[in-house]
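Student: Below: sequence and its predicted model.
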2 protein chains.
Amino acid sequence: MNHTSTEENYIKAIYHLQHATNKVSTTSLSEEMNTKPASVTDMLKKLRAKRIVHYQRYKGFNLTEAGNRKALSIIRKHRLWEYFLVNKLGFEWDEVHQVAEELEHITSSELITRLDNFLGNPSFDPHGDPIPDHNGRIKNIRQSDLCSIPLKKTAAVSSVKNQSDEMLDMLKHYQIGIGTKLKVIRRFEFDGSVEIKIDRQPVTVISKQVAQNVFCIV
Amino acid sequence: MNHTSTEENYIKAIYHLQHATNKVSTTSLSEEMNTKPASVTDMLKKLRAKRIVHYQRYKGFNLTEAGNRKALSIIRKHRLWEYFLVNKLGFEWDEVHQVAEELEHITSSELITRLDNFLGNPSFDPHGDPIPDHNGRIKNIRQSDLCSIPLKKTAAVSSVKNQSDEMLDMLKHYQIGIGTKLKVIRRFEFDGSVEIKIDRQPVTVISKQVAQNVFCIV
DNA sequence: ATATATTTTTAGATTTGTCTAAATTTAATT
DNA sequence: AATTAAATTTAGACAAATCTAAAAATATAT
């Protein structure tokens, strides 16, 4: 079944709502999509007709099995392109999202197979998010930065994105290196800074800028 | 100024009509775009409002300076992506057009700059067509196949794509070799065959299949 | 449990790119 | 030059994705 870019964006947004939030509703989806609830209702009917969502008026919705597969294939494309943009074209990880939003809608599946091989079949994108394989399977070891890992779970630092001298200097100060075990205790709304506890060290706070660069396996 | 993918496709098609044929008309453009003449008229009004074409009803149309620049930027993207698909992802040259048709509409200009550098700033795409640089300049040594060179301009054969025994046999029969000077006199709509005049030889017709494989410098 | 607020859906309009059918203009032919 | 043919344009309609405003259903609060 073919889908328009718009439909694909809705499918992705529904997937995201189902996994990253606990609010799957017409209104929350409209916020995610920057549209009005009325537009969401129209699209839900369209996606229901295409067997992408289960949907009953006033009763909510969720992805069907086919919808879930479709979502994973879009996410796969998005993350492979992000990997390409950062590791081949030299973009910074925070510059690639918008471009990948466009690239993910290129239809050729042959292209994605070849891109995947060209990149060496990576399992994680530059943000540490897992890249679904061609069957939609996701590596359960997920790399996430300190802004997105769950609170109070021990995690091991697995990579650092920005490897500038200045950053390495900071990490040395905090005694953070690859393999360091730590927990995120809390996050501050005001500036996004993060309170962490490292084994055998006092609790400290690191800035959002630093936290975004430190990736862990939870 | 931003343009939809559809507008971009029209711009590219007009550019192509102006350079590769001598029929720039509502009907020929509608054939190029696989639409009806009425749709072309609508689009011409839209493009005129955006200062992309000069257009007077019943009197024909052509690209403005801005339209020409825009066309070259789309062609640049298309050909860079084709180069990428063939030389990095291992596609065959005849498999890439459709995918590049989609990729050429990705908007980021930063992406194209980086892609260009990643590829080593190539001057010709896998079909031998020149890749405009970021200022829209085209290497005047343009390699084009006999299906796309301008009519009645002397051209020198510069390369042959398919180098199979069967093809070389045909070229020997026609007395075409590297360096041969020839003109394309006309093209036949019916089967895409091409009438050519080679120095000191009678006019002959070669099939589209052959013409597509013979590249020249105009 | 009834009134109020919130969420969701419907109805009808808009924009983009397309179509068909009819009208108009230009070109070709006798 | 008049007629016929071809090309082009207009008029009106349609599908996709959106909107606003109003109606309907559900949830919340008194």
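Tutor: Received, thanks.

Student: Look up how far residue A:118 lies from residue A:111.
Tutor: Distance, residue A:111 to residue A:118, using C-beta to C-beta, to the nearest Å: 10 Å. Using the backbone N, CA and C atoms, a C-beta is placed for each residue, glycine as well.

Student: does any part of the lengthiest helix in chain A sit near DNA strand D?
Tutor: Counting residues, the longest helix found in chain A (DSSP state H) is helix A:65-87. No - residues of helix A:65-87 are not located near DNA strand D by C-beta under 7 Å from any atom of the strand, the shortest gap being 14.3 Å.

Student: Quick one: mean pLDDT for that helix?
Tutor: The pLDDT scores in helix A:65-87 average 96.

Student: same deal with stretch A:147-155?
Tutor: In the prediction, stretch A:147-155 has an average pLDDT of 87.

Student: which one of residue A:111 and residue A:118 has more residues nearby?
Tutor: residue A:111 (22 against 15; other C-beta atoms under 10 Å in any protein chain shown).

Student: Around DNA strand D, which positions in chain A sit nearby?
Tutor: Taking C-beta under 7 Å from any atom of the strand as the contact definition, chain A meets DNA strand D at A:4, A:6-7, A:33-36, A:38-39, A:42-43, A:46, A:58-59.

Student: returning to what we had before: now do the shared contacts for residue A:111 and residue A:118.
Tutor: Common contacts of residue A:111 and residue A:118, defined by C-beta atoms under 8 Å, 6 or more residues apart in numbering or on different chains, comprise residue B:89.

Student: on that earlier part again, mind listing what's buried in the helix or strand following the longest helix of chain A?
Tutor: Following helix A:65-87 in sequence order, the next helix or strand is helix A:97-103 (DSSP states H and E). For helix A:97-103, burial by neighbour count (16 or more other C-beta atoms under 10 Å in any protein chain shown) applies to A:99, A:100, A:101, A:102, A:103.

Student: Now find how far off-centre helix A:97-103 is within its chain.
Tutor: Counting by C-alpha atoms, centre = their mean, to the nearest Å, helix A:97-103 is centred 13 Å from the centre of its parent chain.

Student: what sits up against it?
Tutor: With C-beta under 8 Å, 6+ apart as the test, helix A:97-103 has contacts from A:77-79, A:81-82, A:85, A:91, B:103, B:106-108, B:110-111.

Student: Out of the residues you listed, which end up buried?
Tutor: Buried among the contacts of helix A:97-103 by 16+ other C-beta under 10 Å: A:77, A:78, A:79, A:81, A:82, A:85, A:91, B:103, B:106, B:108, B:111.

Student: I'd guessed the first one sits against residue A:108; true?
Tutor: This means residue A:77. No - checked against C-beta atoms under 8 Å, the pair residue A:77 and residue A:108 is beyond contact range at 10.0 Å.

Student: Which of the helices or strands spans the nearest residue to residue A:155 once chain neighbours are set aside?
Tutor: Spatial nearest neighbour of residue A:155, chain neighbours left out: residue A:216 (3.6 Å); criterion: C-beta to C-beta, 6 or more residues apart in numbering or on different chains. For residue A:216, the host element (DSSP H and E) is strand A:214-217.

Student: can you check residue A:210 too?
Tutor: Per DSSP H and E: helix A:208-211 holds residue A:210.

Student: Quick one: list the elements packing against that helix.
Tutor: Applying 3 or more C-beta pairs under 8 Å, 6 or more residues apart in numbering or on different chains; DSSP states H and E, one finds that helix A:208-211 contacts helix A:165-174.

Student: Please state the offset of the helix it packs on from the chain centre?
Tutor: Averaging C-alpha positions (C-alpha atoms, centre = their mean) puts helix A:165-174 26 Å from its chain's average.

Student: next one: stretch A:155-162
Tutor: Its chain's C-alpha centre and that of stretch A:155-162 lie 16 Å apart, by C-alpha atoms, centre = their mean.

Student: Could I get the phi/psi values of the most centrally placed residue in chain A?
Tutor: What sits nearest the mean C-alpha location of chain A, by C-alpha atoms, centre = their mean, is residue A:129, with 5.1 Å. Dihedral pair for residue A:129: phi -80, psi 140, per degrees, to the nearest 10.

Student: If we ignore the residues flanking it in sequence, what's nearest it?
Tutor: residue A:79 (6.2 Å).

Student: before we move on, back to that, ok, of the buried ones among the contacts of helix A:97-103, which one's closest to residue B:18?
Tutor: Lowest distance from residue B:18 to these (C-beta to C-beta) belongs to residue B:103, with 23.6 Å.

Student: Residue A:202 versus that closest one, what's the distance?
Tutor: 52 Å.

Student: Any idea how far stretch A:91-110 is from the middle of the chain?
Tutor: Put simply, stretch A:91-110 sits 13 Å off its chain's centre (C-alpha atoms, centre = their mean).

Student: Only the C-alpha atoms, please, for that stretch, written as CSV.
Tutor: Only the C-alpha atoms of stretch A:91-110 are listed here, as CSV (Å, rounded to 0.1, in the frame of the first residue of the first chain):
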residue,chain,number,x,y,z
PHE,A,91,26.7,17.3,9.6
GLU,A,92,26.4,17.8,13.3
TRP,A,93,23.8,15.5,15.0
ASP,A,94,21.6,18.4,15.8
GLU,A,95,21.4,19.7,12.3
VAL,A,96,20.0,16.6,10.6
HIS,A,97,16.5,16.1,11.8
GLN,A,98,14.8,18.4,9.4
VAL,A,99,16.6,17.1,6.3
ALA,A,100,15.9,13.5,7.4
GLU,A,101,12.2,14.4,7.7
GLU,A,102,12.2,15.0,4.0
LEU,A,103,14.5,12.1,3.0
GLU,A,104,12.5,9.5,5.0
HIS,A,105,9.7,9.8,2.4
ILE,A,106,11.7,8.7,-0.6
THR,A,107,9.9,5.6,-1.6
SER,A,108,12.5,3.2,-3.1
SER,A,109,13.2,0.3,-0.8
GLU,A,110,16.1,-0.8,-3.0
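
Student: right, and residue A:17 touches residue A:24 too?
Tutor: Yes - the criterion here is C-beta under 8 Å, and residue A:17 meets it with residue A:24 at 4.7 Å.
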